[in-house]
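A.B. asks: A predicted structure for the sequence below; I have some questions about it.
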Amino acid sequence: MLSAYLIAQQTSEAKELGGVDLSGYCTSYEFKGTQGMGCQSPIDLGAACDKRWDREGDTMRFTDPKDPDSGVCFTASGRNTKKGVDNLPEYCRAKYPLNDKVTARSSPPHKWVCRTPVDPTLVCSWHYQSRDAVARKDDADEQWKCYEQKRL
């Protein structure tokens, strides 16, 4: 009799909660937008130069139109430092310290973004404040939706 009760307690039915609010989740971590199932923000390359070389007012210019790694920092007065930012991933980790998987990616032409992947189930738990919330991709419309396991 007890085993039948336990089995009944484990049986559940999923209740649809709504969509996956990826934009809201990303904004809560101060990212500026989304890309696929992740958050991203453009890197202010001048600010990256400032942080790397401990100055203010720097800008970055690219020496090779085909090479996103050819950026060189220029001081506020326009002096070419002949140095760039050698560790944009570290810049992103410092800017978004709560996201351990954040990386820097080039986004041609000569733009860089900080990007982090996101687990859609985590977004559902965050948005609906429920540990029982899970994300599933709807086969019909290819959209992510949040569901909550409802105990019978």
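C.D. replies: Structure received.
A.B. asks: who's in contact with Lys15?
C.D. replies: Tyr147, Glu148, Lys150 (C-beta atoms under 8 Å, 6 or more residues apart in numbering). (Glycine included, C-beta is placed from N, CA and C.)
A.B. asks: Out of the residues you listed, which one has the lowest pLDDT?
C.D. replies: By pLDDT, Lys150 ranks lowest within the contacts of Lys15, coming in at 70.
A.B. asks: and that one, that one's in a strand?
C.D. replies: Yes - counting by DSSP: H, G, I helix; E, B strand; the rest coil, one finds Lys150 located in a strand.
A.B. asks: What's the local residue count around it?
C.D. replies: Neighbours of Lys150 under the rule other C-beta atoms under 10 Å: 10.
A.B. asks: Below-threshold pLDDT in the chain: ranges please.
C.D. replies: By pLDDT under 70, the low-scoring segments of the chain are 1-12, 151-152.
A.B. asks: Would you quantify the distance from the spatially most central residue of it to Pro117?
C.D. replies: With distances taken as C-alpha atoms, centre = their mean, Cys39 lies nearest the centre of the chain, 2.5 Å away. According to C-beta to C-beta, to the nearest Å, Cys39 stands 8 Å off from Pro117.
A.B. asks: Pull the distance from the strand or helix carrying the residue nearest to the centre of the chain to the chain's centre.
C.D. replies: Assigned by DSSP states H and E, Cys39 falls within strand 38-42. How far strand 38-42 lies from its chain's middle: 5 Å, per C-alpha atoms, centre = their mean, to the nearest Å.
A.B. asks: the domain parsing of this structure - what is it?
C.D. replies: Using automatic domain parsing, the domain ranges for the chain come out as 13-32+119-152, 38-117.
A.B. asks: Quick one: the helices in this protein, in order.
C.D. replies: With DSSP state H as the criterion, the chain has helices at 2-10, 22-28, 45-53, 88-95, 120-128.
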